[in-house]
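>>> 3D model of this:
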Amino acid sequence: VHLVESGGGLVQPGGSLRLSCAASGFTFSIYAMGWVRQAPEKGLEWVSTISNGGSNAIYADSVKGRFTISRDNAKNIVYLQMDSLKPEDTAVYYCAKAQYDITTGYNYWGQGTQVTVSS
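Numbers count the residues shown, from 1 in each chain. I've put the predicted structure just below:
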């Protein structure tokens, strides 16, 4: 299993970023996928999970209405569109593969991409 995130960077409050995660080494379309994040000196925080087919998605309350998760099973990529970014969204964002479906935990993570929200 190989997960490679991209798209992080520095953005001003209120701005947007789109993260991408390229997956390989497993049958992507079978598994739910998601994103977690870790802010400086804090633990891991679950952000969002999307079902294998992309029809169902769930979000943490802290990002609901601002972030949108999606996936392209033809390209083996999962995305996280982040809008109306706040300084408290600053974190390393990790793509994660679910053990199976949207109700299960994750068993693989990528190396992460840094998102910094600051003026």
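>>> Which residue is the nearest non-sequential neighbour of the most centrally placed residue in the chain?
Against the mean C-alpha coordinate of the chain, by CA atoms, centre = their mean, the closest residue is Trp35 at 2.8 Å. Excluding its sequence neighbours, the residue lying closest to Trp35 (CB to CB, 6 or more residues apart in numbering) is Val47, at 4.3 Å. Where you see a C-beta, it was placed from the backbone N, CA and C, and this is true even at glycine.
>>> And the helix or strand hosting that neighbour, what does it pack against?
Using DSSP states H and E, Val47 sits in strand 44-50. Helices and strands touching strand 44-50, by 3 or more CB pairs under 8 Å, 6 or more residues apart in numbering; DSSP states H and E, are strand 33-38, strand 57-59, strand 67-72, strand 77-82, strand 91-98.
>>> Now tabulate those strands in JSON lines and tack on mean pLDDT and distance to Cys21.
Formatted as JSON lines, the helices and strands packed on strand 44-50 follow (pLDDT from 0 to 100; distance: least, CB to CB, whole Å):
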{"stretch": "strand 33-38", "mean pLDDT": "98", "distance to Cys21": "7"}
{"stretch": "strand 57-59", "mean pLDDT": "97", "distance to Cys21": "15"}
{"stretch": "strand 67-72", "mean pLDDT": "98", "distance to Cys21": "9"}
{"stretch": "strand 77-82", "mean pLDDT": "98", "distance to Cys21": "5"}
{"stretch": "strand 91-98", "mean pLDDT": "98", "distance to Cys21": "3"}
